[in-house]
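> Just a sequence and a predicted model for now, questions to come.
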Protein chains: 2
Amino acid sequence: MTSDIEIARAAKKRPIVEVAARLGLSPEDVLPYGHDKAKLTHAALAQMQDRAPGKLILVTSINPTPAGEGKTTTTVGLGDALNRIGRKTVICLREPSLGPNFGMKGGAAGGGYAQVIPMEDLNLHFTGDFHAIGSTHNLLSAMIDNHIHWGNELGFDIRRISWRRVVDMNDRALRDITVALGGASNGYPRESGFDISVASEVMAILCLAENLVDLQARLARIVVGYTRELKPITAADLKADGAMTVLLRDALQPNLAQTIENNPVLVHGGPFANIAHGCNSVIATRAGLALGDYVVTEAGFGADLGAEKFLDIKCRKSGLAPDAVVIVATIRALKMNGGVAKADLGVEDVPALVLGSTNLERHIGNIQKFGLPVVVAINHFATDTAEELAALTGICEGLGVKAILCRHWAEGGAGAEELARAVVAMTEEGEAALKLLYADELPLWEKIQTISREIYGAARAEAPARIMAQLSQWQKEGYGDFPICMAKTQYSFSADPALLGAPANHVIPVREVRLAAGAGFIVAICGDVMTMPGLPRHPTAQRIGLTATGEIDGLF
Amino acid sequence: MTSDIEIARAAKKRPIVEVAARLGLSPEDVLPYGHDKAKLTHAALAQMQDRAPGKLILVTSINPTPAGEGKTTTTVGLGDALNRIGRKTVICLREPSLGPNFGMKGGAAGGGYAQVIPMEDLNLHFTGDFHAIGSTHNLLSAMIDNHIHWGNELGFDIRRISWRRVVDMNDRALRDITVALGGASNGYPRESGFDISVASEVMAILCLAENLVDLQARLARIVVGYTRELKPITAADLKADGAMTVLLRDALQPNLAQTIENNPVLVHGGPFANIAHGCNSVIATRAGLALGDYVVTEAGFGADLGAEKFLDIKCRKSGLAPDAVVIVATIRALKMNGGVAKADLGVEDVPALVLGSTNLERHIGNIQKFGLPVVVAINHFATDTAEELAALTGICEGLGVKAILCRHWAEGGAGAEELARAVVAMTEEGEAALKLLYADELPLWEKIQTISREIYGAARAEAPARIMAQLSQWQKEGYGDFPICMAKTQYSFSADPALLGAPANHVIPVREVRLAAGAGFIVAICGDVMTMPGLPRHPTAQRIGLTATGEIDGLF
């Protein structure tokens, strides 16, 4: 079998200026990074603003399992298929984080014959956006400790500094540290730590900003810590927002790459899907809609987290709204949801499939609650049997939803043409009418309750008194109209990763809440959320290297 | 008066592919980064190897003073002048560090009408090389703590880990930290810290590596710490060298930019001039020599540190050798060396100039000891008087050395044509015959003594017993043939920054020695060396921002 990297390397890349030209972009509208990557210039972005936007297709999925669902692969395959059937389509994806590639074998650019290239660059430094985000975040960090060192005019309570530092590396030793040791010239010692760059609020801000002016306004609002009187201190108080904007000027420009079928892909931004909203940038999505008749984009994790946050955060803040939603499912993953062990997934098991499909059913119902038409993409695996496929198609038909078998992994865009035609039909029927799950005015705690009941099927959410008090405090301080960014396990509708299928009557325990004043949401953490991953015992870094011909080995 | 940034923005940039074409490089030989920056590909570099190299001109200076000498400005001006008089010339410079720009008003790309553009990019993320160096360094750091966390098979003594972490930011709070707090899953707590990225040994290695294979071999040799038995542990022991090379693959390719007169500049690498050797990369210098008839390059600080290390480290390791040396001096700086306060530099003072010129005289003598022909470039300031200029020219003539008044700051290349013609004449006379200051075989301590006596005019170097023991240990371990990388104040021939002019009979106190096994030198630290700068009370970051038209304000 040909591996992903072999397929990617065998692909015939077109010069990126040609890919841009097919979107009507001149060589002056893009900044090339090598011959196969480019950024759309701020000037070009400004000129697109008045164009009639295309149709927006959101790709989401059932709850992820170790069996694999193929959400990115389906996003790419659908985009290729739409282009094949004559619809000018732009794919909008997130940029992968560099650090995790050195822990586990990685690659986040699709798979099989539905991939984005150049995949090595995408998974490494790419156009440097994440490095810029790291610099921006860490400049603010340095300015906090430096301000305190020179007299602490703003009155930071050094026990209550919430702004940490970031690095795009899996480095467990940096999770909890003490800084500013070593004497008077190094500042005032205090506890702190590093997160991985994708967990930075700067990343979430970059992905929600409409333009450079909005970017700076959001950066200015970041709350970095508190005084002894619990008064918030912002990046603007430190006069850091201008320099931070300068550091992000280039990174705010979306990146253009291509599929192995040479269709355009905007790859831009990559906020963590747990403590952030997990979607690519608003700017890139908007540019895609201006340049194409269709945009296909994806949201992180399953639809309970990813699609909900895409709709209630990204769409709420930007005014974007999908015209159709694709839910990706696999026979294998649904069988796992029905209790089959990973080792037994190759064996036909229709009863388990039927049982596990309750997971899919609830996601379908949830999307329909948002007023959006939905289609199920069954991402084909060789072990799927005719009986299993018939059973799943039947279940979906019973819900009034089409389920379409897709073979883009093996066949590229050709394998997803039926899905593409179904999506086009849905958008042309024009049934989409996005209803957000809750109003801005709903109190913060009620928002959490609403998501827990309506989307997760929980009996209720629970939180200790200190969290209720914190939410009331933010409510009073004017943050009450913020949406909620839920951070819970992606493996279950509940907060328990072992509860597969469609658990009911469970309780969502809110253990911590965080204010992201610049991004404009409140994070509700339900369970353990790791903001700095570690490396495993035998990290892939030990096997990665260059071949004699200069190619990267061991990364994928 | 027009500011540097105004001049830079008014300059007519040529598309970088045109600048490349003038060097005989095709569009496929370069990887564009935007329209005004590019990298030379590894393939293009490999093809250049057999070309007859051009002439190498080293630009160095007297000891720096607050009056300013203009070494980079003169390097650029001389390069422009050589191109004007029909010599195909490539300028080779270091890349500036991002972090310090947010502390003090910065800009390290020349000045006046002798500048490199795009200067904003140069001083910010540029092509991402320093970010790649940071990632590479920090991957190794993460692998060290992770290795210990998972059982410490290599037997690290966690009190003796010398490899720290880096960030390209002035962040005093990171100088001394404790890592791996917070419990068992975060590793074993220990003391450590961050340096600024340019102080990383990875930076020095990148600048000395001949190609990707040599790069990996050097990275493999990095000593990161010791066992309890004091056995060194290397990056190769951690199997980190392959992944580190992958992270540096693109960064090893030199960057092409242009002067405001549209002449080619290779800007590549920027090792600290104190704890490292302070020159641009060997790869870039060699590429410049293959592509041009002349290469003009500079070394960090004054000639006592910069030129000595350029010759005894970079030239020794690469086989490169200058055909002529330019020493930059200003009337103002020499008067400061003669005891004049900065506020009084506008007043004519020939006696002080004569007194201060002892500094220049010693540098001239030092360069001559290396067997190299030398010319003095007097970088003109408006306050220079005819009497002062005559006095300085006379002093130089007395030493058999030409001193040439240069007006490139005000006039661009046209202002340095006389210097260019003098340089061409020197190279055509062919008198250069580089004699390194010491042989590889000379014991490490003797090398330190030789540099102290011969270059610094000191009576001797002194070191405590523990340092002598450490040097003996390295001598035994096979590091005895390494050159010495001196780290002392740049303001004086002595270790005391207040001793201007040409102090004699002083003592060089060696306070610390460090092994850079991958770079291939021993650092001898004489006095305080700061490897992580701090921000001042009112950092420029507070005044930096974007203008309404998207231009960067407050950075320069």
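Arrived safely.

> Please make it C-alpha for all contacts and neighbour counts, starting now.
Will do.

> Tell me how many other residues crowd A:G151.
Neighbour count of A:G151, defined by other Cα atoms under 10 Å in any protein chain shown: 11.

> For it, give me its contacts.
Neighbour list for A:G151: empty [criterion: Cα atoms under 8 Å, 6 or more residues apart in numbering or on different chains].

> what helix or strand is the residue nearest to A:N101 when sequence neighbours are not counted on?
The shortest distance from A:N101 to any residue other than its chain neighbours is 6.7 Å, reached at A:L555 (Cα to Cα, 6 or more residues apart in numbering or on different chains). Per DSSP states H and E: A:L555 is located in neither a helix nor a strand.

> Tell me if stretch A:10-21 is near chain B.
No. Contact of stretch A:10-21 with chain B (Cα under 8 Å from any Cα of the partner chain) is absent, the minimum separation being 11.1 Å.

> So A:E397: helix, strand or coil?
Three-state assignment for A:E397 (DSSP: H, G, I helix; E, B strand; the rest coil): helix.

> Spatially, what comes nearest to it if we skip its sequence neighbours?
A:A403 (7.5 Å).

> what bridges to that neighbour?
On the basis of DSSP bridges, A:A403 takes part in beta bridges with A:V376.

> what does A:I552 give?
The partner list for A:I552 in beta bridges (DSSP bridges) reads A:L546.

> isn't it right up against A:A541?
No. When contacts are counted by Cα atoms under 8 Å, A:I552 is not listed as touching A:A541 (11.7 Å).

> all helices of the stretch 301-450 of chain A, in order?
Along the stretch 301-450 of chain A, counting by DSSP state H, counting those that start in this stretch, helices occupy A:308-309, A:316-318, A:331-337, A:350-369, A:386-398, A:408-411, A:417-429, A:444-450.

> Then the stretch 101-250 of chain A?
All helices of the stretch 101-250 of chain A, identified by DSSP H, counting those that start in this stretch, fall at A:119-123, A:129-149, A:201-208, A:212-221, A:241-248.

> With distance to chain B, mean pLDDT and mean neighbour count added, can I get the ones you listed in CSV?
Formatted as CSV, the helices of the stretch 101-250 of chain A follow (distance: least, Cα to the nearest Cα, whole Å; pLDDT from 0 to 100; neighbours: other Cα atoms under 10 Å in any protein chain shown):
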stretch, distance to chain B, mean pLDDT, mean neighbour count
helix A:119-123, 10, 92, 20
helix A:129-149, 5, 98, 25
helix A:201-208, 16, 98, 27
helix A:212-221, 8, 98, 21
helix A:241-248, 4, 98, 26
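
> Would you mind giving the helices of the stretch 301-450 of chain A as CSV with mean neighbour count and mean pLDDT added?
Output for the helices of the stretch 301-450 of chain A, formatted as CSV (neighbours: other Cα atoms under 10 Å in any protein chain shown; pLDDT from 0 to 100):
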stretch, mean neighbour count, mean pLDDT
helix A:308-309, 26, 98
helix A:316-318, 17, 97
helix A:331-337, 28, 96
helix A:350-369, 21, 97
helix A:386-398, 16, 97
helix A:408-411, 20, 96
helix A:417-429, 19, 97
helix A:444-450, 19, 98
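
> Turn those into CSV, including distance to B:E411.
Shown next, in CSV, are the helices of the stretch 301-450 of chain A (distance: least, Cα to Cα, whole Å):
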stretch, distance to B:E411
helix A:308-309, 59
helix A:316-318, 51
helix A:331-337, 71
helix A:350-369, 68
helix A:386-398, 77
helix A:408-411, 62
helix A:417-429, 63
helix A:444-450, 64
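
> Check the stretch 351-500 of chain A for the residue nearest chain B and tell me.
Closest residue of the stretch 351-500 of chain A to chain B, Cα to the nearest Cα: A:T489 (19.5 Å).

> burial of that residue, as a residue count?
Other residues within reach of A:T489 by the criterion other Cα under 10 Å amount to 21.

> Apart from its chain neighbours, what residue comes closest to A:I85?
Counting by Cα to Cα, 6+ apart, A:I85 lies nearest to A:E417, which is 7.2 Å off, once chain neighbours are set aside.

> Correct me if wrong: the one you found contacts A:A81.
Yes. A:E417 is in contact with A:A81 according to Cα under 8 Å; the separation is 5.0 Å.

> give the contact list for the residue most central in space within chain A.
The C-alpha lying nearest the average C-alpha coordinate of chain A belongs to A:G278 (Cα atoms, centre = their mean; 2.5 Å). By Cα under 8 Å, 6+ apart, the contact set of A:G278 is A:270-272, A:299-300, A:306, A:309-310.
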